[in-house]
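Engineer: this one's structure only:
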């Protein structure tokens with residue numbers, strides 16, 4: 001009964017997305033930091049909570065989608081960088097990561113092969129690298 005009322009209430013509203021989750025988590029972090037260090041930071045955390053709720057209950061879906069796409073333009077490279085660092089860390093025993101001296105492309109080669117000739121897939125430059 002209550003679930004059906006909530007579903008009916010949310011019809012036609014934007015709902016949650018990654019940006020809303022980011023705002024809620026940022027608000028939580030700021031609230032905790034405000035408790036520890038400086039109390040006006042709590043107000044900023046509360047403002048982020050309110051903005052996230054405003055976005056979730058908004059009926060102006062095109063405006064919320066534009067905000068979300070602007071957020072993704074910034075967030076996607078950051079998330080990709082962290083994902084790559086995690087992959088580099090998990091592969092650290094089996095692969096060696098390095099950059100092409102010509103174009104800067106990130107490359108990897110299996111460890112323990114000694115000196116190998118590497119061809120960059122982006123610029124086709126050949127060079128020798130010790131792995």
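Structural biologist: That came through, no problem. These numbers come from a predicted model, not from an experiment.

Engineer: show the pLDDT at the nearest residue to residue 14 once chain neighbours are set aside.
Structural biologist: Excluding its sequence neighbours, the residue lying closest to residue 14 (CB to CB, 6 or more residues apart in numbering) is residue 64, at 4.3 Å. C-betas here are computed from N, CA, C, even on glycine. On the pLDDT scale, residue 64 is placed at 94.

Engineer: what is the neighbour count of residue 64?
Structural biologist: For residue 64, the count of nearby residues is 20 (other CB atoms under 10 Å).

Engineer: so it: helix, strand or coil?
Structural biologist: The three-state label given to residue 64 by DSSP: H, G, I helix; E, B strand; the rest coil is helix.

Engineer: and it, how far from residue 57?
Structural biologist: Distance, residue 64 to residue 57, by CB to CB, to the nearest Å: 10 Å.

Engineer: so for those two, which residues contact both of them?
Structural biologist: Listed contacts common to residue 64 and residue 57 are residue 14; contacts here mean CB atoms under 8 Å, 6 or more residues apart in numbering.

Engineer: element containing the residue nearest in space to the middle of the chain?
Structural biologist: Centrality entry for the chain: nearest residue to the mean C-alpha point is residue 79, 2.9 Å, by CA atoms, centre = their mean. Assigned by DSSP states H and E, residue 79 belongs to helix 61-90.

Engineer: distance check, residue 38 against residue 32.
Structural biologist: In this view, residue 38 and residue 32 are 12 Å apart by CB to CB.

Engineer: who has more neighbours, these two?
Structural biologist: Between residue 38 and residue 32, residue 32 has the larger neighbour count (other CB under 10 Å), namely 13 against 9.

Engineer: what are the boundaries of the strands in the protein?
Structural biologist: Secondary structure of the chain, counting by DSSP state E: strands at 95-99, 106-110, 115-119, 126-130.

Engineer: could you check the pLDDT of residue 37?
Structural biologist: Looking at residue 37, its pLDDT is 86.

Engineer: tell me who's in contact with it.
Structural biologist: Per CB under 8 Å, 6+ apart, neighbours of residue 37: none.
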